[in-house]
Every structure is written in structure tokens, then in C-alpha cells.
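> Just the structure for this:
(2 chains)
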Amino acid sequence: ETGVTQTPRHLVMGMTNKKSLKCEQHLGHNAMYWYKQSAKKPLELMFVYSLEERVENNSVPSRFSPECPNSSHLFLHLHTLQPEDSALYLCASSQDRQRELFFGEGSRLTVL
Amino acid sequence: SQKIEQNSEALNIQEGKTATLTCNYTNYSPAYLQWYRQDPGRGPVFLLLIRENEKEKRKERLKVTFDTTLKQSLFHITASQPADSATYLCALALTGGGNKLTFGTGTQLKVEL
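Okay, the predicted model is just below:
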């Protein structure tokens, strides 16, 4: 139990579907992150929210849309995805932005 | 361009030996470096953080060194156990870059009986 919970753990969707990934942290942290992890590639930072404001958008395609309604919750809305978007999507949180990251277990996404 | 390199080949060692993993970087001036452990199908778990002005950090059987001249960090696990088998990731954060960590691809460690 890392204190960061991601749902769903597995998701299969067609290219025309709309779905959302959810992340909740129970650690009282004030920064939250979305990372993408593809096979044989390093973790790629997608978005950073600090104090509920988006402070980083790492050239991510608009078919990925983040939402941070409060400091404990983070969503990643998905629509019109491509098969190459299939990956493990990891949520993380930290206290301030100079500390270690606490990751969730990830959401394994498969786009057909 | 900035680059982080970790051995892509798996490291196989015998139980009880010391495992040493390498993280090299180019074109970075990191403020600090972190090491994470990742098991298959799980999220990474933080292990150690070492700052640019620190040479060495220890935690139980783990030791990390940081040589900013060589642009290299070494991660050691002493008295290794089969339960240490996992993928180990290094990550760098730049000075003034907030917590924008850049990760290496990781090295898989297998500790055999």
C-alpha cells in the first residue's frame, strides 16, 4: 500500500471510446503527476499539478486531458486514442516539488 | 542532448554477493539523483536520494555514490537476496527544475540462489 490508489488497474478500449483514469492520494501531498511507461522506454512525464494548478504539460497530445479537482485527486481523460498509446500509466504524488515521488500501481491501458 | 544511461542488459548475481548498478548521464547538471525499485506490473518505489554536494548515502544494505565529475552514480546492494530481484531506475532532477525527474530505462537485477 503506497498511499496512492489508481483505478482501473487494467483498461481495454477502442480508438473511438472515451474513458478516464483516476488517481487518489492519501498522503496529504500537494503535487501530483502523470507518467507514461512503455516497454523498453524510460518513464515519460506527462503532466504535473502543484497546488491544483497545472505547472507542466510535456507536449502531450490533446487526446489526453488531465483534471485535478483538488489536491487529493487526479484524472486523465482519454479520447480517440491510438494503439501506440497502449502503455502503463502511472500516477505519483510528492510533498512540494523537491522530494521523492510516491507512485500508484499504475493503470495498464490497451488500445485496440 | 541530455541523456541518462543504465545497463539495458540484466545483471545476474549470486545470493550473498554485492550487486552494483550504474547510472551515467551526459549534458546534465543535476541538483539531485534518486533511485527507485520497480517490480513487474507495479509502480516504482523510492529507495534513496543523493544531492549534488553529497558523495555517498547509505540505507541498510543499500549504498549510493554520486560523482559529478564522472557524471555517474553507482547503486550497491550488499548481501543480496533473491527478494532484491527487480528493475532499478535512476532519475535526475535539474537545479531549478522543480521535481521534473528524468528517468533512465532501468536495469533488471536477478539474484540467484
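
> Look up which residues are beta-bridged to the residue in chain A positioned nearest to chain B.
Nearest residue of chain A to chain B: residue A:103, at 3.3 Å (Cβ to the nearest Cβ). All C-beta spots, glycine's among them, are computed from the backbone N, C-alpha and C. Per DSSP bridges, the residues bridged to residue A:103 are residue A:92.

> Isn't it up against residue B:39?
No - Residue A:103 lies out of contact with residue B:39 (Cβ atoms under 8 Å); the separation is 11.5 Å.

> How about stretch A:35-45 and chain B, touching?
Yes - Stretch A:35-45 comes into contact with chain B (Cβ under 8 Å from any Cβ of the partner chain), by way of A:40-43, A:45.

> Which among those count as buried?
A:42-43, A:45 (16 or more other Cβ atoms under 10 Å in any protein chain shown).

> Count the neighbours of the closest residue to chain A within chain B for me.
Using Cβ to the nearest Cβ, the single residue of chain B nearest to chain A is residue B:43, 3.3 Å away. Residue B:43 has 23 neighbours, counted by other Cβ atoms under 10 Å in any protein chain shown.

> shouldn't it be in contact with residue A:101?
No - applying Cβ under 8 Å, one finds residue B:43 not in contact with residue A:101, separated by 9.3 Å.

> Residues that sit against both of the two, list them.
residue A:92 (Cβ atoms under 8 Å, 6 or more residues apart in numbering or on different chains).

> for chain A, what are the nearby residues on chain B?
Counting by Cβ under 8 Å from any Cβ, chain B sits next to chain A at B:4, B:34, B:36, B:41-46, B:49, B:89, B:91, B:93, B:98-106.

> Please repeat the previous calculation with a cut-off of 7 Å.
B:34, B:42-44, B:46, B:49, B:98-101, B:103-105 (Cβ under 7 Å from any Cβ of the partner chain).

> Output those residues in TSV, with pLDDT and secondary structure appended to each entry.
Compiled in TSV, the residues of chain B next to chain A are given as follows (pLDDT from 0 to 100; DSSP: H, G, I helix; E, B strand; the rest coil):
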residue	pLDDT	secondary structure
B:34	95	strand
B:42	92	coil
B:43	95	coil
B:44	97	coil
B:46	96	strand
B:49	94	strand
B:98	61	coil
B:99	63	coil
B:100	76	coil
B:101	86	strand
B:103	93	strand
B:104	94	coil
B:105	93	coil
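
> Out of those residues, give me the two with the largest separation.
Farthest apart among the residues of chain B next to chain A by Cβ to Cβ are B:42 and B:98. That separation is 25.5 Å.

> if we can go back for a sec, reformat the buried ones among the residues of stretch A:35-45 next to chain B as a markdown table; add secondary structure.
Converted to a markdown table, those look like this (DSSP: H, G, I helix; E, B strand; the rest coil):
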| residue | secondary structure |
| --- | --- |
| A:42 | coil |
| A:43 | coil |
| A:45 | strand |
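
> Need these in CSV (columns: pLDDT and distance to residue B:63).
Listed next are these as CSV, based on pLDDT from 0 to 100; distance: Cβ to Cβ, whole Å:
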residue, pLDDT, distance to residue B:63
A:42, 92, 23
A:43, 94, 24
A:45, 91, 28
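
> Looking at those residues, which one is closest to residue B:112?
residue A:42 (26.7 Å).

> who does the residue nearest to residue B:7 when sequence neighbours are not counted bridge with?
Excluding the flanking residues, the one nearest residue B:7 by Cβ to Cβ, 6 or more residues apart in numbering or on different chains is residue B:107, at 4.7 Å. Beta-bridge pairing of residue B:107 under DSSP bridges involves residue B:88.
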